[in-house]
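S.K.: okay, predicted coordinates and the sequence, questions at the end:
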Amino acid sequence: MATTWPANVTVVTVVGTYLNPAGRPVAGLLTFTPTVPLLDGTSGDLVLDAPITVLLASDGSFTVDLAATDDGTLAPSGWLWQLTQNLTGVNNVTYQFALPGATSPVNLATLAPVSNPGNAVAYVSLSAVGAAGGVAKLDGTANVPADELTNGATFLLPQVDEPAVPLTRPRYALTLLTDPATTDPNVEQVSVYDRNSNLVMTYWLNERGMRRGEQPWSVHTFDTPYSSVMNYHNATATTPALAYTVEVRGSNGTRTVTGGLNMNGLVNLALQPYTNVTAIDPNGTGTYVAATSDFQATTFPALAVRLEADDVVRLRGIVGLAPTKTPGAQDVMFTLPAGFAPSANRAGCVGSSFGKGCPIKVLTDGSVVNTSTQAAVGGGGGTYYFDDVTFVR
């Protein structure tokens, strides 16, 4: 589709024909792009900022109407046309050229490429300063004032290649004038499309500028076993305060803190959740019962288990021996929840209210087996203590 130029713009018809070395027509596209967006020098209205694409005819010829680069009604001055060739069977090149308005039509072959075009000066109309869709105004220190910044705005920053010398001021400085709410937008964020074509945020500065980062399993196949890990510097009130925490994102999207490093650089697992053991006396012998207090009425948490560093499993809580019951030599006292069973059978010993240690085995199917028939003298039940019992998974 031909470009329609304003009536006051000087238009030059550019023609030409592309032939290969054998003299046959060449097929392809030509793209003409102004080196800067073109504005009406009087009104400041945008005249052209998009490329003009021309399809070569079957004989290799083309015709296109372009604005003259020396037209005094267009701003800025000093701009050029850039031609990009996308042709079949020909070495494609990109070059810039001036297009004087004195002659029309003009053959493209007579227009010499400009080897050093220099810098064009871009103008902005006053009506666009501080207006929606326009440009931001600057304050007296040549900075953008706070009232010009919009929450959730997207900024495309140019690539910068500067000598590696010390800076005299920050490259980028953002001052938040009020304390942000946790529901406010992130200050900065980076997202990437994963292998399922979902846009996943992998790095961000939260509403207070604190660093956050996530390694979503869906981005790389080799990350799959690790689920989603969230690592970030944490300034919230924990005991002891954590300088670095690790979170795991569940299938419902909720992140759960599983551990981290405290302010002294020591591994902290206090935030790892325990999983309650519910399969007590799974064979229904009536010998073992869930308990939260022992024979002396001392209160204990429910029997539970968690996974710690170095693949160590830790138990807490107690199991009751029912009154009048005598344990069998290979009774299954309880079964661990899924994911906590060892890779090989383990053996150990737990304390009891009988005054003697009780040997146990932890099997690869998660069964915790009592290998002793000891019971309280005279019956009356009893208690097995599993606090801080550990084994390597």
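M.R.: Arrived safely.
S.K.: lowest confidence element among the helices and strands of this protein?
M.R.: strand 228-233 (a mean of 48; mean pLDDT, DSSP states H and E).
S.K.: next secondary structure after that one?
M.R.: On the C-terminal side of strand 228-233, the closest following helix or strand by DSSP states H and E is strand 242-249.
S.K.: can you tell me which helices and strands that following strand packs against?
M.R.: Helices and strands in packing contact with strand 242-249 are listed as strand 228-233, strand 255-262; criterion 3 or more C-beta pairs under 8 Å, 6 or more residues apart in numbering; DSSP states H and E. C-beta coordinates here come from the backbone N, C-alpha and C atoms, glycine included.
S.K.: and that strand with strand 255-262, angle?
M.R.: 150 degrees (axes from the mean of the first three to the mean of the last three C-alpha atoms, to 10 degrees).
S.K.: stretch 283-298: how far from the chain's middle?
M.R.: Chain-centre distance of stretch 283-298: 48 Å, with C-alpha atoms, centre = their mean, to the nearest Å.
S.K.: cool, stretch 6-19 as well?
M.R.: 48 Å.
S.K.: any idea how far apart the tips of that stretch sit?
M.R.: By C-alpha to C-alpha, to the nearest Å, the extent of stretch 6-19 from end to end equals 33 Å.
S.K.: Asn206 against Glu188, yeah?
M.R.: No - using C-beta atoms under 8 Å, Asn206 makes no contact with Glu188, being 9.2 Å away.
S.K.: tell me how the chain divides into domains.
M.R.: As recorded under automatic domain parsing, the domains making up the chain are 11-110, 275-392.
S.K.: could those go into JSON lines alongside mean pLDDT?
M.R.: JSON lines is the format used below for the domains of the chain (pLDDT from 0 to 100):
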{"stretch": "domain 11-110", "mean pLDDT": "87"}
{"stretch": "domain 275-392", "mean pLDDT": "89"}
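S.K.: adding distance to Arg169, write those domains out as a markdown table.
M.R.: Shown next, in a markdown table, are the domains of the chain (distance: least, C-beta to C-beta, whole Å):
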| stretch | distance to Arg169 |
| --- | --- |
| domain 11-110 | 29 |
| domain 275-392 | 44 |
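S.K.: out of those domains, nearest to Asp179?
M.R.: Asp179 lies closest, by C-beta to C-beta, to one member of the domains of the chain: domain 275-392, at 35.8 Å.
S.K.: next, the distance between the ends of the closest one.
M.R.: Terminal-residue distance, domain 275-392 (C-alpha to C-alpha): 17 Å.
S.K.: show me how far it is from its chain's centre.
M.R.: Between the centre of domain 275-392 and the centre of its chain there are 43 Å (C-alpha atoms, centre = their mean).
S.K.: excluding its backbone neighbours, what's nearest Phe32?
M.R.: Once flanking residues are discounted, Phe32 sits nearest to Ile52: 4.5 Å by C-beta to C-beta, 6 or more residues apart in numbering.
S.K.: neighbours of the one you found, how many?
M.R.: Look at Ile52: counted by other C-beta atoms under 10 Å, it has 18 neighbours.
S.K.: is it true that it touches Leu38?
M.R.: No - using C-beta under 8 Å, Ile52 makes no contact with Leu38, being 11.4 Å away.
S.K.: before we move on, back to that, mind listing what the residue nearest to Phe32 touches?
M.R.: Going by C-beta atoms under 8 Å, 6 or more residues apart in numbering, Ile52 touches Thr3, Thr31, Phe32, Thr33, Val64, Leu66.
S.K.: among these, name the ones in strands.
M.R.: The strands, defined by DSSP state E, take in Thr31, Phe32, Thr33, Val64, Leu66 from the contacts of Ile52.
S.K.: show me what the third one bridges to in the sheet.
M.R.: To tie it back to what came earlier, the one meant is Thr33. For Thr33, the beta-bridge partners under DSSP bridges are Gln82.
S.K.: burial check on it, number of neighbours?
M.R.: Using other C-beta under 10 Å, Thr33 has 18 neighbouring residues.
S.K.: how about the contacts made by it?
M.R.: Thr33 is in contact with Ala50, Pro51, Ile52, Trp81, Gln82, Thr84, counting by C-beta under 8 Å, 6+ apart.
S.K.: which of those residues tops the neighbour count?
M.R.: Trp81 (22 neighbours).
S.K.: CA atoms of stretch 368-377 as PDB?
M.R.: Taking Å, rounded to 0.1, in the frame of the first residue of the first chain, the C-alpha atoms of stretch 368-377 are listed here in PDB:
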ATOM      1  CA  VAL A 368       8.800 -48.600  62.100                       C
ATOM      2  CA  VAL A 369       9.000 -52.100  63.800                       C
ATOM      3  CA  ASN A 370       9.300 -52.800  67.500                       C
ATOM      4  CA  THR A 371      11.800 -55.700  68.000                       C
ATOM      5  CA  SER A 372      11.300 -55.900  71.700                       C
ATOM      6  CA  THR A 373       8.600 -57.500  73.800                       C
ATOM      7  CA  GLN A 374       9.300 -55.400  76.900                       C
ATOM      8  CA  ALA A 375       6.400 -53.900  78.600                       C
ATOM      9  CA  ALA A 376       5.600 -52.200  81.900                       C
ATOM     10  CA  VAL A 377       5.800 -54.600  84.900                       C
END
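S.K.: how about it: buried residues?
M.R.: Applying a neighbour-count criterion of 16 or more other C-beta atoms under 10 Å, one finds Val368, Val369, Asn370, Ser372, Gln374, Ala375, Ala376 buried in stretch 368-377.
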